[in-house]
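> Sequence first, predicted model second:
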Amino acid sequence: MLSPEGLVAAAAMLMGLGLLAWCLWPGRLEVPRDVGEEEEEEEEGIPFMAEEGSGHCRLLCKPSALAQHLVRSLGRSAALRGGRWPWPRWPQLQMLWQLLQPPEPEPVVARELLQLPDAGLVALDWLVGPWGAAGGGGGVSSPVLLLIPNAAGKVTGGLLQLGLRALERGFIPVIFNRRGHNGCPLTTPRLQPFGDPGDLREAVTYLRCRHPSASLLAVSEGSGSGLLLAYLGESGSSSRLLAAACLSPIFRGRDWFEAGMPWLYEWPLLLHLKQGLSRYTGALAEVVDMDRLLGSRSLRELEETLFCRTRSRPTSWESYWERNEPLRDADEAAVPVLCLCSADDPVRGPPARSLPRELFRSSPFFFLLLSPLGGHCGFPRREPGRCWAHEAVLEYFRAMAEFLRTEERRKGLPRPRRWGGPPVEPPVFTWQRSYTR
(Lines give C-alpha, C1' and ligand atoms only; values in the text may rest on other atoms or scores of the structure.)
Protein backbone atom coordinates (compact mmCIF):
# COMPACT_ATOMS: atom_id res chain seq x y z
CA MET A 1 0.00 0.00 0.00
CA LEU A 2 1.37 3.44 -0.91
CA SER A 3 2.47 5.80 1.86
CA PRO A 4 1.09 9.38 1.91
CA GLU A 5 4.41 10.58 0.51
CA GLY A 6 4.12 8.02 -2.29
CA LEU A 7 0.60 9.16 -3.12
CA VAL A 8 1.74 12.79 -3.29
CA ALA A 9 4.66 11.86 -5.56
CA ALA A 10 2.39 9.80 -7.82
CA ALA A 11 -0.14 12.62 -8.05
CA ALA A 12 2.60 15.12 -8.84
CA MET A 13 3.96 12.84 -11.56
CA LEU A 14 0.53 12.38 -13.16
CA MET A 15 -0.08 16.13 -13.04
CA GLY A 16 3.31 16.78 -14.62
CA LEU A 17 2.67 14.31 -17.41
CA GLY A 18 -0.72 15.86 -18.06
CA LEU A 19 0.77 19.34 -18.23
CA LEU A 20 3.52 18.08 -20.50
CA ALA A 21 1.01 16.54 -22.89
CA TRP A 22 -0.96 19.78 -22.92
CA CYS A 23 2.17 21.79 -23.72
CA LEU A 24 3.49 19.39 -26.35
CA TRP A 25 0.28 19.25 -28.33
CA PRO A 26 0.27 22.87 -29.46
CA GLY A 27 4.09 22.96 -29.61
CA ARG A 28 4.51 25.44 -26.76
CA LEU A 29 7.84 23.99 -25.65
CA GLU A 30 9.71 24.14 -28.93
CA VAL A 31 13.40 24.87 -28.35
CA PRO A 32 14.27 28.31 -29.78
CA ARG A 33 16.85 28.15 -32.54
CA ASP A 34 18.95 30.61 -34.45
CA VAL A 35 18.57 28.57 -37.62
CA GLY A 36 21.18 30.19 -39.81
CA GLU A 37 23.97 30.19 -37.24
CA GLU A 38 23.29 26.78 -35.71
CA GLU A 39 22.87 24.87 -38.93
CA GLU A 40 26.25 26.17 -40.06
CA GLU A 41 27.89 25.18 -36.76
CA GLU A 42 26.31 21.75 -36.69
CA GLU A 43 28.37 20.79 -39.74
CA GLU A 44 31.59 21.27 -37.78
CA GLY A 45 33.39 18.20 -36.43
CA ILE A 46 34.01 14.61 -37.46
CA PRO A 47 30.87 12.69 -38.55
CA PHE A 48 31.24 9.05 -37.61
CA MET A 49 27.86 7.78 -36.42
CA ALA A 50 24.61 7.53 -38.35
CA GLU A 51 21.37 6.58 -36.60
CA GLU A 52 18.23 5.78 -38.53
CA GLY A 53 15.90 8.64 -37.79
CA SER A 54 18.41 10.58 -35.69
CA GLY A 55 20.84 12.16 -38.12
CA HIS A 56 24.61 12.29 -37.76
CA CYS A 57 26.59 12.70 -34.55
CA ARG A 58 29.78 14.74 -34.79
CA LEU A 59 32.90 14.78 -32.68
CA LEU A 60 34.45 18.22 -32.26
CA CYS A 61 38.01 18.19 -30.90
CA LYS A 62 41.56 19.30 -31.51
CA PRO A 63 43.45 16.83 -33.77
CA SER A 64 45.83 14.56 -31.84
CA ALA A 65 46.86 10.92 -31.51
CA LEU A 66 44.40 10.57 -28.64
CA ALA A 67 41.58 12.05 -30.72
CA GLN A 68 42.32 9.67 -33.61
CA HIS A 69 42.18 6.70 -31.26
CA LEU A 70 38.86 7.88 -29.79
CA VAL A 71 37.32 8.34 -33.25
CA ARG A 72 38.34 4.81 -34.24
CA SER A 73 37.03 3.28 -31.01
CA LEU A 74 33.66 5.04 -31.04
CA GLY A 75 33.25 4.46 -34.77
CA ARG A 76 33.70 0.69 -34.33
CA SER A 77 31.40 0.43 -31.32
CA ALA A 78 28.15 -1.39 -32.02
CA ALA A 79 26.65 0.32 -28.98
CA LEU A 80 26.40 3.58 -30.89
CA ARG A 81 24.24 2.07 -33.61
CA GLY A 82 21.13 1.55 -31.56
CA GLY A 83 18.44 1.78 -34.20
CA ARG A 84 15.64 4.28 -34.50
CA TRP A 85 15.02 6.43 -31.44
CA PRO A 86 11.55 6.74 -29.91
CA TRP A 87 9.97 10.20 -30.16
CA PRO A 88 12.88 11.68 -32.17
CA ARG A 89 11.30 15.16 -32.32
CA TRP A 90 10.15 15.38 -28.71
CA PRO A 91 13.17 16.06 -26.47
CA GLN A 92 10.86 16.65 -23.51
CA LEU A 93 9.60 13.06 -23.62
CA GLN A 94 13.13 11.75 -24.16
CA MET A 95 14.21 13.45 -20.95
CA LEU A 96 11.21 12.23 -18.95
CA TRP A 97 11.80 8.70 -20.25
CA GLN A 98 15.22 8.67 -18.58
CA LEU A 99 14.13 10.55 -15.43
CA LEU A 100 10.96 8.64 -14.56
CA GLN A 101 11.61 5.08 -15.72
CA PRO A 102 13.12 3.12 -12.79
CA PRO A 103 16.39 1.24 -13.37
CA GLU A 104 16.25 -2.46 -14.16
CA PRO A 105 17.07 -4.43 -12.09
CA GLU A 106 16.59 -2.54 -8.83
CA PRO A 107 20.04 -1.54 -7.51
CA VAL A 108 21.40 -2.41 -4.09
CA VAL A 109 23.31 0.45 -2.46
CA ALA A 110 25.72 0.49 0.50
CA ARG A 111 26.10 3.99 1.98
CA GLU A 112 29.29 5.34 3.51
CA LEU A 113 29.54 8.75 5.18
CA LEU A 114 32.79 10.67 4.71
CA GLN A 115 33.65 13.34 7.28
CA LEU A 116 35.25 16.50 5.89
CA PRO A 117 37.87 18.76 7.55
CA ASP A 118 35.17 21.21 8.77
CA ALA A 119 33.12 18.34 10.30
CA GLY A 120 30.67 18.34 7.40
CA LEU A 121 29.57 15.09 5.76
CA VAL A 122 29.20 13.82 2.21
CA ALA A 123 27.72 10.42 1.36
CA LEU A 124 29.24 7.81 -0.94
CA ASP A 125 26.69 5.26 -2.21
CA TRP A 126 28.41 2.11 -3.49
CA LEU A 127 26.36 0.14 -6.02
CA VAL A 128 26.81 -3.49 -4.99
CA GLY A 129 24.05 -5.30 -6.78
CA PRO A 130 21.21 -6.59 -7.24
CA TRP A 131 23.80 -9.36 -6.86
CA GLY A 132 25.02 -8.28 -3.44
CA ALA A 133 28.55 -7.42 -2.44
CA ALA A 134 29.95 -10.76 -3.60
CA GLY A 135 28.99 -10.61 -7.26
CA GLY A 136 28.64 -8.39 -10.28
CA GLY A 137 31.36 -5.89 -9.33
CA GLY A 138 35.07 -5.79 -10.04
CA GLY A 139 38.07 -6.88 -8.03
CA VAL A 140 40.58 -4.91 -6.00
CA SER A 141 42.21 -3.29 -9.05
CA SER A 142 39.00 -2.79 -11.04
CA PRO A 143 38.39 0.81 -12.13
CA VAL A 144 36.36 2.96 -9.74
CA LEU A 145 33.63 5.01 -11.46
CA LEU A 146 32.49 8.08 -9.53
CA LEU A 147 28.93 9.13 -10.46
CA ILE A 148 27.99 12.77 -9.83
CA PRO A 149 24.24 13.63 -9.82
CA ASN A 150 22.80 16.96 -10.93
CA ALA A 151 23.25 20.09 -8.82
CA ALA A 152 19.89 19.49 -7.09
CA GLY A 153 21.21 16.18 -5.75
CA LYS A 154 18.55 14.15 -7.58
CA VAL A 155 19.82 10.65 -8.35
CA THR A 156 17.86 9.88 -11.51
CA GLY A 157 16.92 6.48 -12.87
CA GLY A 158 19.26 7.17 -15.78
CA LEU A 159 22.27 7.69 -13.49
CA LEU A 160 21.46 4.49 -11.58
CA GLN A 161 21.11 2.63 -14.88
CA LEU A 162 24.56 3.83 -15.93
CA GLY A 163 25.95 2.60 -12.61
CA LEU A 164 24.39 -0.82 -13.11
CA ARG A 165 25.75 -1.10 -16.66
CA ALA A 166 29.19 -0.19 -15.33
CA LEU A 167 28.88 -2.75 -12.52
CA GLU A 168 28.07 -5.48 -15.05
CA ARG A 169 31.26 -4.62 -16.94
CA GLY A 170 33.60 -4.86 -14.00
CA PHE A 171 33.65 -1.27 -12.76
CA ILE A 172 33.18 -0.28 -9.11
CA PRO A 173 30.48 2.44 -9.27
CA VAL A 174 29.98 4.89 -6.40
CA ILE A 175 27.60 7.89 -6.23
CA PHE A 176 28.82 11.16 -4.73
CA ASN A 177 26.13 12.94 -2.67
CA ARG A 178 26.74 16.54 -1.61
CA ARG A 179 26.11 17.90 1.88
CA GLY A 180 22.43 17.71 2.74
CA HIS A 181 21.51 16.01 -0.55
CA ASN A 182 19.77 12.66 -1.04
CA GLY A 183 19.45 11.96 2.68
CA CYS A 184 23.03 12.93 3.58
CA PRO A 185 22.96 14.61 7.03
CA LEU A 186 23.75 18.32 7.16
CA THR A 187 26.04 18.66 10.19
CA THR A 188 27.28 22.20 9.46
CA PRO A 189 25.30 25.29 8.31
CA ARG A 190 26.99 25.16 4.93
CA LEU A 191 25.95 23.72 1.57
CA GLN A 192 28.16 23.24 -1.48
CA PRO A 193 28.10 26.09 -4.03
CA PHE A 194 27.52 25.30 -7.70
CA GLY A 195 31.17 25.15 -8.76
CA ASP A 196 33.08 24.65 -5.48
CA PRO A 197 35.03 21.37 -5.84
CA GLY A 198 36.45 21.25 -2.30
CA ASP A 199 34.22 18.42 -1.05
CA LEU A 200 34.64 16.48 -4.28
CA ARG A 201 38.42 16.74 -3.90
CA GLU A 202 38.19 15.16 -0.44
CA ALA A 203 36.07 12.32 -1.85
CA VAL A 204 38.51 11.63 -4.69
CA THR A 205 41.42 11.60 -2.23
CA TYR A 206 39.55 9.08 -0.07
CA LEU A 207 38.77 6.87 -3.06
CA ARG A 208 42.44 6.89 -4.05
CA CYS A 209 43.43 5.80 -0.53
CA ARG A 210 40.79 3.08 -0.46
CA HIS A 211 41.65 1.78 -3.96
CA PRO A 212 45.32 2.72 -4.42
CA SER A 213 45.94 0.47 -7.44
CA ALA A 214 42.67 1.17 -9.29
CA SER A 215 42.05 3.68 -12.05
CA LEU A 216 39.69 6.48 -11.01
CA LEU A 217 37.07 7.67 -13.50
CA ALA A 218 34.22 10.17 -13.12
CA VAL A 219 30.99 10.91 -14.96
CA SER A 220 28.49 13.67 -14.19
CA GLU A 221 24.89 14.28 -15.21
CA GLY A 222 23.32 17.59 -16.23
CA SER A 223 24.02 20.55 -13.94
CA GLY A 224 26.23 18.31 -11.77
CA SER A 225 28.83 18.64 -14.52
CA GLY A 226 29.58 22.14 -13.26
CA LEU A 227 31.16 20.57 -10.19
CA LEU A 228 33.21 18.04 -12.17
CA LEU A 229 34.45 20.60 -14.71
CA ALA A 230 35.45 23.00 -11.92
CA TYR A 231 37.34 20.21 -10.15
CA LEU A 232 39.26 19.24 -13.28
CA GLY A 233 40.24 22.86 -13.92
CA GLU A 234 41.32 23.60 -10.34
CA SER A 235 43.20 20.32 -9.91
CA GLY A 236 44.96 20.28 -13.28
CA SER A 237 47.43 17.41 -13.49
CA SER A 238 46.80 16.50 -9.82
CA SER A 239 43.17 15.44 -10.28
CA ARG A 240 44.03 11.73 -9.75
CA LEU A 241 41.51 10.84 -12.47
CA LEU A 242 42.30 8.79 -15.57
CA ALA A 243 39.38 10.25 -17.58
CA ALA A 244 36.05 12.00 -17.14
CA ALA A 245 32.75 12.35 -19.00
CA CYS A 246 29.80 14.75 -18.78
CA LEU A 247 26.24 13.93 -19.90
CA SER A 248 24.31 17.02 -21.08
CA PRO A 249 26.56 19.40 -19.11
CA ILE A 250 25.83 23.00 -18.19
CA PHE A 251 28.98 24.84 -19.27
CA ARG A 252 28.10 28.44 -18.38
CA GLY A 253 26.54 28.49 -14.94
CA ARG A 254 25.70 32.17 -14.59
CA ASP A 255 24.15 32.42 -18.05
CA TRP A 256 22.09 29.30 -17.31
CA PHE A 257 20.67 30.68 -14.06
CA GLU A 258 19.96 34.10 -15.54
CA ALA A 259 18.28 32.76 -18.69
CA GLY A 260 16.05 30.41 -16.70
CA MET A 261 14.42 27.23 -17.94
CA PRO A 262 10.93 26.53 -19.25
CA TRP A 263 8.62 26.49 -16.24
CA LEU A 264 7.83 22.81 -16.74
CA TYR A 265 11.45 21.97 -15.83
CA GLU A 266 12.24 24.77 -13.37
CA TRP A 267 9.18 24.36 -11.18
CA PRO A 268 9.72 20.65 -10.23
CA LEU A 269 13.45 21.27 -9.68
CA LEU A 270 12.72 24.27 -7.48
CA LEU A 271 10.17 22.27 -5.51
CA HIS A 272 12.66 19.42 -5.03
CA LEU A 273 15.32 21.82 -3.72
CA LYS A 274 12.92 23.58 -1.34
CA GLN A 275 11.70 20.26 0.03
CA GLY A 276 15.26 19.22 0.82
CA LEU A 277 16.23 22.58 2.32
CA SER A 278 13.13 22.72 4.53
CA ARG A 279 14.47 19.73 6.48
CA TYR A 280 17.35 21.90 7.73
CA THR A 281 15.46 25.09 8.58
CA GLY A 282 16.87 25.22 12.11
CA ALA A 283 20.50 24.83 11.07
CA LEU A 284 20.37 27.11 8.03
CA ALA A 285 18.41 29.88 9.78
CA GLU A 286 21.68 30.96 11.39
CA VAL A 287 23.19 31.92 8.05
CA VAL A 288 20.35 32.62 5.58
CA ASP A 289 16.84 34.10 5.56
CA MET A 290 14.77 30.89 5.38
CA ASP A 291 11.50 32.71 4.64
CA ARG A 292 13.07 34.34 1.61
CA LEU A 293 14.80 31.09 0.62
CA LEU A 294 11.67 28.93 0.74
CA GLY A 295 9.69 31.69 -0.98
CA SER A 296 12.05 31.81 -3.97
CA ARG A 297 10.23 31.83 -7.30
CA SER A 298 13.18 30.89 -9.52
CA LEU A 299 16.39 28.88 -9.36
CA ARG A 300 18.39 32.09 -9.60
CA GLU A 301 16.60 33.64 -6.62
CA LEU A 302 17.16 30.50 -4.56
CA GLU A 303 20.86 30.27 -5.49
CA GLU A 304 21.40 33.97 -4.76
CA THR A 305 19.63 33.80 -1.39
CA LEU A 306 21.48 30.65 -0.34
CA PHE A 307 25.02 31.69 -1.27
CA CYS A 308 25.09 35.47 -1.80
CA ARG A 309 22.65 36.97 0.73
CA THR A 310 24.11 35.19 3.74
CA ARG A 311 24.10 36.78 7.20
CA SER A 312 27.82 36.26 7.90
CA ARG A 313 29.55 36.72 4.52
CA PRO A 314 27.29 38.41 1.97
CA THR A 315 28.68 38.72 -1.54
CA SER A 316 27.54 39.93 -4.93
CA TRP A 317 26.12 37.76 -7.69
CA GLU A 318 29.09 38.70 -9.90
CA SER A 319 31.67 37.74 -7.26
CA TYR A 320 29.92 34.44 -6.62
CA TRP A 321 30.26 33.39 -10.25
CA GLU A 322 33.87 34.49 -10.45
CA ARG A 323 34.54 31.68 -7.97
CA ASN A 324 31.99 29.15 -9.26
CA GLU A 325 31.90 29.22 -13.07
CA PRO A 326 32.52 25.63 -14.25
CA LEU A 327 35.03 26.62 -16.96
CA ARG A 328 36.90 29.33 -15.05
CA ASP A 329 40.09 27.22 -15.05
CA ALA A 330 39.36 25.04 -18.08
CA ASP A 331 42.76 25.84 -19.60
CA GLU A 332 44.41 24.05 -16.67
CA ALA A 333 42.51 20.76 -17.15
CA ALA A 334 44.90 17.91 -17.89
CA VAL A 335 42.53 14.93 -18.10
CA PRO A 336 40.51 13.81 -21.17
CA VAL A 337 36.87 14.91 -20.86
CA LEU A 338 34.11 13.64 -23.17
CA CYS A 339 31.03 15.89 -23.21
CA LEU A 340 27.89 14.32 -24.73
CA CYS A 341 25.35 16.94 -25.78
CA SER A 342 22.28 17.19 -28.00
CA ALA A 343 21.39 20.18 -30.14
CA ASP A 344 17.76 19.98 -28.98
CA ASP A 345 18.52 20.06 -25.24
CA PRO A 346 15.62 22.11 -23.77
CA VAL A 347 17.40 22.61 -20.42
CA ARG A 348 20.86 23.76 -21.52
CA GLY A 349 19.53 26.05 -24.25
CA PRO A 350 20.39 26.66 -27.93
CA PRO A 351 23.86 25.37 -28.92
CA ALA A 352 24.98 28.69 -30.41
CA ARG A 353 24.81 30.32 -26.97
CA SER A 354 25.42 27.42 -24.59
CA LEU A 355 28.23 25.34 -26.16
CA PRO A 356 31.82 26.65 -25.79
CA ARG A 357 32.95 25.35 -29.17
CA GLU A 358 36.24 27.26 -29.05
CA LEU A 359 37.25 25.22 -25.99
CA PHE A 360 36.88 21.98 -27.93
CA ARG A 361 38.77 23.40 -30.91
CA SER A 362 41.73 24.58 -28.84
CA SER A 363 42.10 22.20 -25.87
CA PRO A 364 43.56 18.73 -26.53
CA PHE A 365 41.71 17.33 -23.50
CA PHE A 366 38.09 18.30 -24.30
CA PHE A 367 35.95 16.28 -26.73
CA LEU A 368 32.39 17.23 -27.74
CA LEU A 369 30.11 14.48 -29.04
CA LEU A 370 27.15 16.44 -30.40
CA SER A 371 23.96 14.74 -31.48
CA PRO A 372 21.14 16.57 -33.26
CA LEU A 373 18.59 14.79 -31.05
CA GLY A 374 18.47 13.33 -27.56
CA GLY A 375 17.00 15.93 -25.21
CA HIS A 376 18.55 16.53 -21.80
CA CYS A 377 20.26 13.40 -20.44
CA GLY A 378 17.87 11.37 -22.62
CA PHE A 379 19.55 9.79 -25.68
CA PRO A 380 17.02 6.91 -25.71
CA ARG A 381 17.06 3.78 -27.82
CA ARG A 382 14.73 0.80 -28.05
CA GLU A 383 17.33 -1.91 -27.56
CA PRO A 384 18.52 -3.15 -24.12
CA GLY A 385 20.37 -0.49 -22.19
CA ARG A 386 17.81 2.26 -23.00
CA CYS A 387 20.41 5.02 -23.35
CA TRP A 388 23.07 4.96 -26.07
CA ALA A 389 25.03 7.72 -24.28
CA HIS A 390 25.72 5.33 -21.40
CA GLU A 391 27.24 2.85 -23.83
CA ALA A 392 29.26 5.64 -25.43
CA VAL A 393 30.67 6.70 -22.04
CA LEU A 394 31.72 3.16 -21.11
CA GLU A 395 33.27 2.66 -24.55
CA TYR A 396 35.12 5.96 -24.14
CA PHE A 397 36.58 4.85 -20.79
CA ARG A 398 37.65 1.55 -22.35
CA ALA A 399 39.29 3.43 -25.23
CA MET A 400 41.22 5.71 -22.85
CA ALA A 401 42.58 2.73 -20.89
CA GLU A 402 43.49 0.94 -24.13
CA PHE A 403 45.31 4.02 -25.44
CA LEU A 404 47.38 4.32 -22.26
CA ARG A 405 48.35 0.63 -22.29
CA THR A 406 49.47 0.94 -25.91
CA GLU A 407 51.55 4.05 -25.16
CA GLU A 408 53.13 2.43 -22.11
CA ARG A 409 54.19 -0.61 -24.14
CA ARG A 410 55.47 1.56 -26.99
CA LYS A 411 57.53 3.82 -24.77
CA GLY A 412 58.52 1.17 -22.27
CA LEU A 413 57.21 3.14 -19.29
CA PRO A 414 57.93 1.26 -16.03
CA ARG A 415 55.08 0.10 -13.82
CA PRO A 416 55.40 0.30 -10.01
CA ARG A 417 56.36 -3.01 -8.40
CA ARG A 418 56.01 -4.29 -4.88
CA TRP A 419 58.48 -6.75 -3.38
CA GLY A 420 56.79 -7.19 -0.03
CA GLY A 421 56.10 -4.89 2.87
CA PRO A 422 53.18 -2.50 3.20
CA PRO A 423 51.41 -1.40 0.01
CA VAL A 424 52.79 1.77 -1.51
CA GLU A 425 50.50 4.31 -3.19
CA PRO A 426 51.48 4.80 -6.84
CA PRO A 427 52.55 8.27 -7.93
CA VAL A 428 49.86 10.76 -8.94
CA PHE A 429 48.79 9.90 -12.49
CA THR A 430 49.34 12.55 -15.14
CA TRP A 431 48.63 12.50 -18.84
CA GLN A 432 51.71 13.21 -20.94
CA ARG A 433 51.43 16.13 -23.35
CA SER A 434 52.79 13.96 -26.16
CA TYR A 435 49.53 11.97 -26.11
CA THR A 436 47.55 15.04 -27.13
CA ARG A 437 49.74 16.24 -30.01
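Looks like it came in fine. Numbers count the residues shown, from 1 in each chain.

> Surely residue 367 is within a strand?
Yes - if the criterion is DSSP: H, G, I helix; E, B strand; the rest coil, then residue 367 is within a strand.

> wait, doesn't it sit right on residue 360?
Yes - between residue 367 and residue 360 there is a contact under Cβ atoms under 8 Å: 6.8 Å. Using the backbone N, CA and C atoms, a C-beta is placed for each residue, glycine as well.

> Mutual contacts of the two, please.
Shared contacts of residue 367 and residue 360, defined by Cβ atoms under 8 Å, 6 or more residues apart in numbering, are found at 60, 61, 339.

> Please report the distance of the spatially closest residue to residue 274 that is not a sequence neighbour from residue 395.
Distances taken as Cβ to Cβ, 6 or more residues apart in numbering place residue 294 nearest to residue 274, at 5.5 Å, with adjacent residues excluded. Using Cβ to Cβ, to the nearest Å, residue 294 is found at 44 Å from residue 395.

> Compare the two (neighbour count), which wins?
The residue with more neighbours, out of residue 294 and residue 395 and counting by other Cβ atoms under 10 Å, is residue 395; that gives 19 against 15.

> re the thing from before, give me every residue that touches the residue nearest to residue 274.
If a contact means Cβ under 8 Å, 6+ apart, then residue 294 has 274, 277, 278 as its contacts.

> so who does the last one touch?
Listed by Cβ under 8 Å, 6+ apart, the contact partners of residue 278 are residue 294.

> Use 40 as the first number from now on
OK, 40 is where the count begins now, so the last one is residue 317.

> can you pull the pLDDT of it?
As predicted, residue 317 sits at a pLDDT of 94.

> Roughly how far does it sit from residue 327?
Residue 317 sits 13 Å away from residue 327, taking Cβ to Cβ as the criterion.

> swap in the second one?
Using Cβ to Cβ, one gets 9 Å for the distance from residue 316 to residue 327.

> Check the contact lists of those two and give me the overlap.
With contacts taken as Cβ under 8 Å, 6+ apart, residue 316 and residue 327 have residue 345 as neighbours in common.

> Spatially, what comes nearest to residue 416 if we skip its sequence neighbours?
Computed as Cβ to Cβ, 6+ apart, the closest residue to residue 416 that is not its neighbour in sequence is residue 287, at 4.5 Å.

> if I read this right, that neighbour contacts residue 385, doesn't it?
No - under the criterion of Cβ under 8 Å, residue 287 makes no contact with residue 385, lying 10.3 Å away.

> And what about the nearest residue to residue 190 once chain neighbours are set aside, helix, strand or coil?
Closest residue in space to residue 190, ignoring its immediate chain neighbours: residue 262 at 3.9 Å, by Cβ to Cβ, 6+ apart. In the three-state summary, residue 262 is assigned as helix, counting by three-state DSSP.

> Tell me how far residue 262 lies from residue 306.
Taken as Cβ to Cβ, the spacing of residue 262 relative to residue 306 amounts to 16 Å.

> Kindly report the same for residue 217.
Relative to residue 306, residue 217 is positioned 22 Å away (criterion: Cβ to Cβ).

> Neighbour count: these two, which is higher?
Neighbours were counted for residue 217 and for residue 306 using other Cβ under 10 Å; residue 217 has more, 25 against 16.

> need the contact list for the residue lying closest to residue 281 once chain neighbours are set aside.
Of all residues beyond its chain neighbours, the one nearest residue 281 is residue 254 (4.4 Å), with distances taken as Cβ to Cβ, 6+ apart. For residue 254, the set of contacting residues under the criterion of Cβ under 8 Å, 6+ apart consists of 182, 183, 281, 440, 468.

> list the helices and strands the helix or strand that contains the fourth one packs on?
This means residue 440. Under the assignment given by DSSP states H and E, the secondary-structure element containing residue 440 is helix 427-450. Other elements packing on helix 427-450 under the criterion 3 or more Cβ pairs under 8 Å, 6 or more residues apart in numbering; DSSP states H and E are helix 104-115, helix 196-207, strand 282-286, strand 376-381.
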